[in-house]
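[1] Dropping a prediction and its sequence here:
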Amino acid sequence: MAIDVIIEDPRWEDAGLESLVARAADAFCARVGLEADLCEGSVLACNDARIKVLNADFREKDKATNVLSWPADERATPEERPPLPAPSFDGMIELGDIAISYDTCAREAEAADKPMADHVTHLIIHGLLHLLGYDHISDRDAEIMEATEVEILATLGLEDPY
């Protein structure tokens, strides 16, 4: 999967974000049935200050968060697994963009007593599922999304985060 990783906060380099994104994206594509070579997107690796601005601008929430997603197209289908996107005119599938905050991820990983890499992998998969139209607004949507996350994480040998 072609994912551009834009690193604004150098701590992400030390955390090995690019390899975590590649590993998560491959597992994601395999599980949902997308041909990885046809998919593209981006990940902005930032800090709490930057993600707080993005969260305020796009969600009207004036606080930092762990991960944000902007799907290339509206794909939500309430209470079922969203359909897979079709390739565009150039044969590629543009999934969208993700932003992830180092500060919040590090705090959450420490609070949960789990490796940062495992938590970040989970959040990248979570963000990728949002790009496909998965959501957790209703209880049923959350069940579907969380079950899919757990399935993908299991293929990577990672524990159920819920």
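    Alright, I've got the coordinates.
[2] Any buried residues in whatever helix or strand W12 lives in, and which?
    Taking DSSP states H and E as the definition, W12 sits inside helix 11-14. Neighbour counts over helix 11-14 (16 or more other Cβ atoms under 10 Å) mark W12 as buried. Every residue, glycine included, has its C-beta placed from N, CA and C.
[3] when you give positions from now on, start the count at 36
    Got it, first residue is 36 now, which makes that one helix 46-49.
[4] same question for it, mean pLDDT?
    Across helix 46-49, pLDDT averages out at 97.
[5] For the next helix-or-strand element following it, C-alpha coordinates in PDB please.
    Using DSSP H and E, the next helix or strand after helix 46-49 towards the C-terminus is helix 52-67. Below are the C-alpha coordinates for helix 52-67, written out as PDB (Å, rounded to 0.1, in the frame of the first residue of the first chain):
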ATOM      1  CA  LEU A  52       6.400   4.800  12.600                       C
ATOM      2  CA  GLU A  53       7.000   4.200   8.900                       C
ATOM      3  CA  SER A  54       7.500   0.500   9.500                       C
ATOM      4  CA  LEU A  55       4.500   0.300  11.800                       C
ATOM      5  CA  VAL A  56       2.300   2.000   9.200                       C
ATOM      6  CA  ALA A  57       3.500  -0.400   6.500                       C
ATOM      7  CA  ARG A  58       2.900  -3.500   8.600                       C
ATOM      8  CA  ALA A  59      -0.500  -2.300   9.800                       C
ATOM      9  CA  ALA A  60      -1.600  -1.300   6.200                       C
ATOM     10  CA  ASP A  61      -0.600  -4.700   4.800                       C
ATOM     11  CA  ALA A  62      -2.600  -6.500   7.500                       C
ATOM     12  CA  PHE A  63      -5.500  -4.100   7.000                       C
ATOM     13  CA  CYS A  64      -5.600  -4.700   3.200                       C
ATOM     14  CA  ALA A  65      -5.300  -8.500   3.500                       C
ATOM     15  CA  ARG A  66      -8.100  -8.600   6.000                       C
ATOM     16  CA  VAL A  67     -10.600  -6.300   4.300                       C
END
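[6] who are the neighbours of the helix or strand following helix 52-67, in terms of helices and strands?
    Going down the chain from helix 52-67, the next helix or strand is strand 74-81, by DSSP H and E. Applying 3 or more Cβ pairs under 8 Å, 6 or more residues apart in numbering; DSSP states H and E, one finds that strand 74-81 contacts strand 37-42, helix 52-67, strand 128-136, helix 151-167.
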